[in-house]
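Peer 1: need a 3D model of the sequence below.
(one chain, ligands or ions: 2)
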Amino acid sequence: MDGLPTGLLLVSHSLALAQATEALVRQMTGARLPIALAAGAGPDKAELGTDSLAILEAGEALCACGQIVVLMDIGSAVLSAEMALDLAEEPLKSKLHLAAAPFVEGALAAGVAASAGLPVAAVLAEAAAGLRPKLSALGGQAQNAVPAIQASLTRAVTLGDPNGLHLRPAARCVAIAAGFDATLRLACKGRVAGLESLTGLMALGAKGGDVVTIEASGPQAAQAAEALAAILAEVPAAQPHEPAPQTGAGPVPISPGRVAGRLVVAARHLPPIPDTPDEAPEGGWATLQAAIARVRAHLGEGLILGAQAALLTDPAILAPAKAGIFEHGLHPAAAWHRAIAQAAAGYEALEDAYLRARGRDVREMGDEVLRVLLGGGGLAWPTEPCVLLVEDLSAAEAAALPPEILGVLDRRGGRTSHAAILLRAAGVPCLGGVTFAAPPEAVAFDGATGDLIADPDVQTRAAFAPPRAASAGPASIALPDGTGLEFWANVAGAADAALAARSGAHGIGLARTEMLFLDRLDCPTEEEQAARIGAMLAPFKGRPVTVRLLDAGADKPVPFLHLAPEENPALGVRGVRALLKHPEFCATHLRAVLRAGAAHDLRVMVPMITFPEEMRTLRQWLETACRETGLPCPPLGAMVEVPAAALAIPDLVPVCDFFSIGTNDLTQYTLAAERGNQELAAFADPANEVVIGLCARVVRHAAGRPVSVCGEAAGDERAARKLVAAGIRKLSMGAARLGPIRALWQ
Ligand code: PEP
Ligand code: MG
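Peer 2: Ligands and ions are numbered 1, 2, ... in the order given. Have a look, this model is predicted:
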C-alpha cells in the first residue's frame, strides 16, 4: 500500500443518479472517501449522457489518490470510460481501473472496501461481488454455500423472538447445531441458510411470528431439530436490543474522585495494515486464528459479547479471509480486514434496521482482531475537557491519557487492572461496568461510591467539580510502637513522578518501566531507555528509587518483544519469564536502568519471581551490566506476586536484597480471579485476609530483608491498616493516594 487513498469515480448518464449514489456510498463510508462524478451531458449536465473528457477531468480531480476505481452505469458509459482511459496520460492513466461491476451495488461495495484501506485489486473484487447480497436474498447464486440435503425430517416453528432471528438467537443456533451429527438448514420465506453461518441465518430476514422450517438429516437429525426448535420458539424475557450490563450490578468504583463534564464516546483507530505478508500463508493463517482465539477468550461467553464473538468464527467471514491469505497472497490483517468489510457490507445492505446494525458488531469484533494482529492502535483523544466513555481502557491508553480527560467511564474494567492503577495514580476518577441505552450529553460521577448521574443539572455539576491538587505531607511517620512507617510512590512516567515528589513521598517504591514502552513496535535503544527511565526518576534526585525491570506480558503486551499469543497470558510468559527469554534485550535494559539511576540511590527489582534460580540468573546479568557500564551494583530485590514465592520466602532470602509485595498479582493468583475482569470484582478485595496473611508470612520469613507493599492494597485504607498490623512498614502507592493513606496515622 502506498498510503494514498483509493478514490471512486462515478460515471453515469444521469447526474441525479450519480449524486444519489454518492450519497448512498457516503452513508457507509463517511465524508472522507474521495469521490468524483462524471455524469450527464449538456451545458448544465441536465441531459442524459456521458463524456470522456468529463471523465478525464473528474479523474484529474482525484489525482491525489493512489488509485481510482471507475464505476460505470449502462452501455455507452463503459465506452466513454474506455476512451477516457485511452486518452489519459501518466500518472493518471495507470491509476484508473474500470470496474466490471453493477453501478450502485458496485459503488457501495467498492466504497466500503476503499475506505477500509484495502488494495485496489480487493476494491475491484468487492465491487464485482456487489451483487452478492441481492443474489443471496433473492435465491440466486447464494452468498454462502448452503448444504444440499435430503431432509429426513422437517419441522416448522414460529419464531418466538419479536425481534426476529437476530444475532444472539442465530449465534445460539449455530453453536447448538455444531454439537450434533446432523446436516441442517433453516428455510424461511423462500430463503434457505445452512446452520454453520451466522451471516446466512441472519440474511434469512426472519421476523418475529414468521414460520421457520428446520430441515435436518443425519443420525442425530431429530435431536438437533428439537434443540433448534426450542431456541427458535423461545420468547425472550428481556428486550435484546437494550444493551444490558453484563452483571446487572451497576457501576463499579475503580478510581476515586468526583467529576462532572461533557461525555465523549471514545473511538479507536487502527494501525496501518501491511500490504504484503511477512510470513508464508500457513503461518499467516495460524497467526490469524491465534488472534481470533485471543479476542474470543478475552470477550468470554457473556450474553452479548459472547454472541458477538461468535461472529468471528462464522465461515462466511473465515472462508474469504483464508482465501485472501492463501489465494491472493495477502497479509493476514489485510485478508481479515477485507473479509470483515465484505461481511459487514452484507449486513448493512439488508432491509431490516436491526440486522443492518449488526454490520457494526462485525466491524467492532473485526477491529479487535486487527488490533491483536497489528499490535496496537489506540484511542482518538478528545482535545476538549471531557469525561471519556470507553470500552476496556488498556494500560497503554491509560498511560497516555491526556490532561483533557477529566474522568473515565469504562464499559468493562476491573479494579486492579493496570489501566485502573494508572488512573488512580494520576488521580483520574473512573467507574467500570458502565452501560447506557443511549449515552447522555454530560455526566457527573463519583469514582469512590459508584454514583453516576446522567445529564446533571448546574447544581449537581458544581457539587461534582473536582478538587485535584496533590497535598504534600511527611515521607514517614512514627507509629505508637516506635517504628517508622514510610510512604513511597508508584510511578509510571515523568508526570506522575513529579506529582509524587511534590506530595513528599519517601522515594519511588515501584517505577513501572514497561509503561514507558507499551506502544513501541520497535525495541527502544539503550540510550532511549536510559533517557526515558531517567526522566521518570529525575523528580526524585537524591532520594531512593526502586526501578522494576520491564514487566511485559498479560495485559502489558509490549509489542517489540513479540511475545507469542497465549491462551492464558496471565499465567504465561510474563515478567521475569519474558526477560529470561530475551537475554539481549535484558542486557541492554539493565545497562539503561543502571545509567538512568546513576544519580540516585538506585534499587533494581525483578517482577514475577517464582524460583530462586530466576534471581540468580538476573543477578549474574546485573553484575555483567555493572562491569560493562562501570557503575556500582545496586541492591537487587524480588517482587513477591506469585503465591509460590510468598510461601517459599526462606528459599529466596539468600538471593534477594529486599522484597516488594505486588498484591495485585498476588491477589489474582491466590484467588484465581483475573484482575481485569469486572465480573470478578468481588474477588478483587485488596484487604482479602488470605492475601494479607501471605504478606505477614513474607515479613516473618524475610530474615531482616526490607519488605514493602507496592500493590494497590497499599493505597487502600482498609488494606493499608491491615498491612501495617501485619508488620509492613513501607507502603508504596500512586501519588493521589498518599494524602488519604497518611491521614490514617496523622
Ligand atoms: C502488583 O502486581 O501488585 C504490582 C505492583 O505489579 P503490577 O500491578 O504492575 O503487575
Ligand atoms: Mg504485578
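
Peer 1: just the pLDDT for whichever residue of the stretch 501-650 of the chain sits closest to ligand 1.
Peer 2: The minimum distance from the stretch 501-650 of the chain to ligand 1, using CB to the nearest ligand atom, falls at E641 (4.5 Å). Just so you know, the C-beta spots here come from the backbone N, C-alpha and C atoms, and that holds for glycine as well. Looking at E641, its pLDDT is 97.

Peer 1: ok, now G482?
Peer 2: Note on G482: pLDDT of 91.

Peer 1: need phi/psi at it.
Peer 2: Main-chain torsions, G482, degrees, to the nearest 10: phi 90, psi -10.

Peer 1: kindly report the same for P544.
Peer 2: Per-residue torsions, P544: phi -70, psi 140 (degrees, to the nearest 10).

Peer 1: surely G493 and A400 touch.
Peer 2: No - between G493 and A400 there is no contact under CB atoms under 8 Å: 9.1 Å.

Peer 1: ok, these two, which is more surrounded?
Peer 2: Using other CB atoms under 10 Å, the more surrounded residue of G493 and A400 is G493, with 19 against 16.

Peer 1: spit out the contact partners of the more buried one.
Peer 2: Shown in contact with G493 (CB atoms under 8 Å, 6 or more residues apart in numbering): 399, 515-516, 536.

Peer 1: so which of those residues is the closest to A463?
Peer 2: The nearest member of those to A463, counting by CB to CB, is A399 at 30.4 Å.

Peer 1: now that closest one: how far from L228?
Peer 2: Plainly put, A399 is 48 Å away from L228 if you go by CB to CB, to the nearest Å.

Peer 1: what packs against the strand or helix carrying L594?
Peer 2: In the assignment (DSSP states H and E), L594 maps to helix 583-596. Helices and strands touching helix 583-596, by 3 or more CB pairs under 8 Å, 6 or more residues apart in numbering; DSSP states H and E, are helix 526-537, helix 576-581, strand 601-606, helix 612-629.

Peer 1: residue nearest the middle of this structure, spatially speaking?
Peer 2: For the chain, the residue nearest the mean C-alpha position is E368 (5.5 Å; CA atoms, centre = their mean).

Peer 1: checking my notes, that one in a helix, right?
Peer 2: Yes - counting by DSSP: H, G, I helix; E, B strand; the rest coil, E368 falls inside a helix.

Peer 1: now it, nearest residue through space, not along the chain?
Peer 2: Excluding the flanking residues, the one nearest E368 by CB to CB, 6 or more residues apart in numbering is V295, at 4.6 Å.

Peer 1: do you know how far the residue in the stretch 351-500 of the chain that ligand 2 sits nearest to is from T670?
Peer 2: Proximity of the stretch 351-500 of the chain to ligand 2 (CB to the ion) peaks at H418, 8.5 Å away. Using CB to CB, one gets 18 Å for the distance from H418 to T670.

Peer 1: and those two? Which one has more around it.
Peer 2: Taking other CB under 10 Å, H418 and T670 do not tie; H418 has more neighbours (26 against 19).

Peer 1: wait, isn't that one in contact with E397?
Peer 2: No - look at H418 against E397 with CB under 8 Å: they stay out of range, at 10.4 Å.

Peer 1: and R697, that one's in a helix?
Peer 2: Yes - membership of R697 in a helix is supported by three-state DSSP.

Peer 1: tally of neighbours for the residue of the stretch 501-650 of the chain closest to ligand 1?
Peer 2: By other CB under 10 Å, 26 other residues sit near E641.
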